[in-house]
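# Sharing a model that was predicted from the sequence below.
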Amino acid sequence: MAKLYQDLDQTPAVKMRAKVVPMSSIVKFLLLVGGSLALIAISRIPGKDRRSSLRESNAYSRDTSEASYFSEQVTRAKAELNQVTGPIGISKGEGNIKGEKIEKVAPAVTQPKPAPIPVQMNCAAPPYVILGQPTSNSISLRFLSDYATTIFVSWALEGGAGSPKKTDLFKLVPSEPSSLITLTNLELSTRYVYQVWFQNSFDCDVYATENFFFHTQRYFDEDFTFAVIADTHFEDPGAYEEDIFFSTRAHMIKAAHSSPGFDFFVDLGDTFMGNKFEPPSNIAFQLYENAFKQYSPIARSAPIFLVNGNHDGELGAFIPKSTKGASLSEIEASFPVVYARLRNKYFVNPKSGGFFSANTEITYPSVGELRNYYSWSWGNSLFVVLDPYWYTLTHVTESPWEWTLGKTQYMWLASILQNMPATLKFVFIHQYAGGVYGTSRGYDGGGDESFAQYFEWGGKDPMTGLDGFATNRPGWNHGPIHQMFTRYRVSVVFRGHDHLFHVGELDGVIYNTLPKPSVGDHGNAVSSFTERGYKDDQVSMTSGHTEVQVTKLGATVTLRSSSENSILHQYTVSAAPYPM
Ligand SMILES: [Fe+2]
């Protein structure tokens, strides 16, 4: 695509084309501006009138050399744009960008994906974009557009110091998430501003989005903020009210785009709801496409980290067993694998290696690494995301002992907690590997902090009154998970699943259950929270999001209301001494 710029700028006829095709004008513009980005709210590039007159001229005088040249260049430019392969075929770039091919084989679904419904062209509608995998020197972007949009990204240090940089052109396939565009060679602990320049069709002008932002990894002694939400339950009747979610989201958008904003947000799961809606596998993508579009206004300026929830359907118990004769294609077509493939096709959870430590234990040809548990360091803090669902291979009808992280994840967890230097440690999991027993909802893994004592999580067996860890988890030599958390001074365990806000402490570890961002009242939780150990006066049923401000002294955790963004609850946790 660099060739396209070159050709378009070399001849008189092409110069005229540069006036006509705004993409080329923008490139010139960026080159001229040099040290400062023209960072403006959605902006229309001048040139439309000239294009109209040239079109007329072209129509009237096909035989003139000028019109012929123009026509040639248009045809050539279109052909070159069409050669961009992809879902957004990644071209070679300038050394500041690298592409990552996610899809390795065709999805093993039996029904073809239906053709996208034609949408009326809106030249000014920007593509959706989310950020993910922020590191000390890079960040990844994924795009989704309703049109065959051509884009590039320009970025610069916030404040305009230094020269702006830009990617090459990429072409989006309508309704297909792009491959990752990764901006590299970024500076440590730096806030960047970026814009997406887009042309939704060759007949459209080029527009630029408003300013979006991201931050690279913080220094150890630097303050920062992150956010957490849980159980959005998109489109789930009775558990999702769009106006409530939009109100929560508006507060998060404002915070994410302000300075210093929040550096990222964690979604605690029960987001896509495949296990509840059970769509045919050829249209299951709609759940992920919708979530992408709904989260994009936040996630374009705050990378998103996903945690699996039980309703998201990535449940190991539903994987056909090769030991019972299941073929690879049957396994690939099973809904946990379909959902894992879609999650990784649409979103950007961390891949193992380098900055992130992540699951490499389970891979599927069409998915690659699952990216379902992982950890990273940011400032003085360690972040650990856990997943019990891929490793719990039963339907948990006999005992909460059936809930498990699996030994590989457990050993990885012990190693991370033991070896990663941090004075604050945050763990994110949708529910306990263990949890409630004897409730009207069976062994569904919820419960207040008192349930952290039991089963795999805490080792005790409330049925027998005995310590059952050694018997039930022979060879797991780091002890129960909760004891590990106490030993390695985990600061806060953030959980969802129970649809309420509650903070409790057990042996120095804070267990914080988070509410939904998306309902007026948490009716389901109200009807059952008492049998899960929660006390009337120690819970909040108000929707909202949670912000965590981290300093070298500790963290302040604030629940903000969906309606007014007001502070509903706030607590602080002290940082541990360093070195530990
Ligand atoms: Fe849940």
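Nice, thanks for sending it over.

# can you give me the helices for the stretch 351-500 of the chain?
With helices called from DSSP state H, counting those that start in this stretch, the stretch 351-500 of the chain shows them at 407-419, 455-458, 469-472, 481-487.

# Which positions in the stretch 201-350 of the chain make contact with the ion?
Residues of the stretch 201-350 of the chain lying near the ion by CB under 5 Å from the ion: 270, 309-310. The way it works is simple: take the backbone N, C-alpha and C, and place the C-beta from them, glycine included.

# In a markdown table, list the helices of the stretch 351-500 of the chain along with distance to Q195 and mean neighbour count.
Output for the helices of the stretch 351-500 of the chain, formatted as a markdown table (distance: least, CB to CB, whole Å; neighbours: other CB atoms under 10 Å):
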| stretch | distance to Q195 | mean neighbour count |
| --- | --- | --- |
| helix 407-419 | 36 | 17 |
| helix 455-458 | 46 | 28 |
| helix 469-472 | 53 | 16 |
| helix 481-487 | 42 | 21 |
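
# Of these, give the one that comes closest to the ion.
The ion sits nearest to helix 455-458 of all those, at 16.1 Å, using CB to the ion.

# Output the contacting helices and strands for the closest one.
Here helix 455-458 touches helix 469-472, helix 481-487, going by 3 or more CB pairs under 8 Å, 6 or more residues apart in numbering; DSSP states H and E.

# Spell out the secondary structure type for E547.
strand (DSSP: H, G, I helix; E, B strand; the rest coil).

# May I have the residues that are in contact with N122?
Taking CB atoms under 8 Å, 6 or more residues apart in numbering as the contact definition, N122 lies against N200.

# where exactly do the helices run in the stretch 201-350 of the chain?
242-257, 274-277, 285-299, 328-333, 335-346.

# Output these in JSON lines, with mean neighbour count appended to each entry.
As requested, the helices of the stretch 201-350 of the chain are arranged in JSON lines below (neighbours: other CB atoms under 10 Å):
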{"stretch": "helix 242-257", "mean neighbour count": "18"}
{"stretch": "helix 274-277", "mean neighbour count": "18"}
{"stretch": "helix 285-299", "mean neighbour count": "21"}
{"stretch": "helix 328-333", "mean neighbour count": "16"}
{"stretch": "helix 335-346", "mean neighbour count": "24"}
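
# so can I have CSV of the ones you listed showing mean pLDDT and distance to P164?
CSV is the format used below for the helices of the stretch 201-350 of the chain (pLDDT from 0 to 100; distance: least, CB to CB, whole Å):
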stretch, mean pLDDT, distance to P164
helix 242-257, 97, 19
helix 274-277, 94, 41
helix 285-299, 98, 23
helix 328-333, 94, 43
helix 335-346, 97, 29
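
# domain assignment for this protein?
In terms of domains, the chain is parsed into 2-215, 236-271+349-574 (source: automatic domain parsing).

# To E330, which of these lies closest?
Of all these, domain 2-215 sits nearest to E330, with 8.5 Å by CB to CB.

# Could you list the low-confidence segments of the stretch 351-500 of the chain?
Scanning the stretch 351-500 of the chain for pLDDT under 70 picks out no residues.

# dump the residue contacts of whatever residue of the stretch 151-300 of the chain ends up closest to the ion.
With CB to the ion, the shortest gap between the stretch 151-300 of the chain and the ion falls at D270, namely 4.2 Å. Counting by CB under 8 Å, 6+ apart, D270 touches 230-233, 309-312, 430, 496-497.

# now the helices of the stretch 351-500 of the chain in CSV, with distance to the ion?
Listed next are the helices of the stretch 351-500 of the chain as CSV, based on distance: least, CB to the ion, whole Å:
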stretch, distance to the ion
helix 407-419, 19
helix 455-458, 16
helix 469-472, 24
helix 481-487, 19
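
# Columns distance to E330 on top of these, output as a markdown table?
A markdown table is the format used below for those (distance: least, CB to CB, whole Å):
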| stretch | distance to E330 |
| --- | --- |
| helix 407-419 | 24 |
| helix 455-458 | 30 |
| helix 469-472 | 31 |
| helix 481-487 | 33 |
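
# ok, now how distant is the closest residue to E278 other than its chain neighbours from the ion?
Taking CB to CB, 6 or more residues apart in numbering, and ignoring the residues beside it in sequence, E278 has F335 as its nearest neighbour in space, at 7.6 Å. Distance from F335 to the ion, counting by CB to the ion, to the nearest Å: 17 Å.

# Could you do S561 as well?
Distance of S561 to the ion, given as CB to the ion: 22 Å.

# go on, I139?
Using CB to the ion, we find I139 at a distance of 30 Å from the ion.

# so that residue touches L131, yeah?
Yes - I139 lies in contact with L131 (CB atoms under 8 Å); the separation is 5.9 Å.

# which neighbours do the two share?
Counting by CB under 8 Å, 6+ apart, the residues touching both I139 and L131 are 214, 303.

# Reformat the residues of the stretch 201-350 of the chain next to the ion as TSV; add pLDDT.
TSV is the format used below for these (pLDDT from 0 to 100):
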residue	pLDDT
D270	97
G309	98
N310	97
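
# out of the residues you listed, which are inside strands?
Of those, none are assigned to strands by DSSP state E.

# and which of the residues you listed is nearest F245?
Distance to F245 across these (CB to CB) is lowest for D270, with 13.2 Å.

# Excluding chain neighbours, what is closest to that closest one?
Nearest one to D270, counting by CB to CB, 6+ apart, is G309 at 3.4 Å.

# which stretches of the stretch 1-150 of the chain aren't confidently modelled?
Along the stretch 1-150 of the chain, the parts satisfying pLDDT under 70 run over 1-110, 118.

# Quote the end-to-end distance of stretch 160-173.
Separation of the first and last residues of stretch 160-173 by CA to CA, to the nearest Å is 32 Å.

# what comes up buried for it?
For stretch 160-173, the neighbour count (16 or more other CB atoms under 10 Å) marks 164-173 as buried.

# could you dump the residues you listed to CSV with pLDDT and secondary structure?
Shown next, in CSV, are the buried residues of stretch 160-173 (pLDDT from 0 to 100; DSSP: H, G, I helix; E, B strand; the rest coil):
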residue, pLDDT, secondary structure
P164, 90, coil
K165, 95, strand
K166, 95, strand
T167, 95, coil
D168, 94, coil
L169, 96, coil
F170, 96, strand
K171, 96, strand
L172, 97, coil
V173, 97, coil
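
# All set now, cheers.
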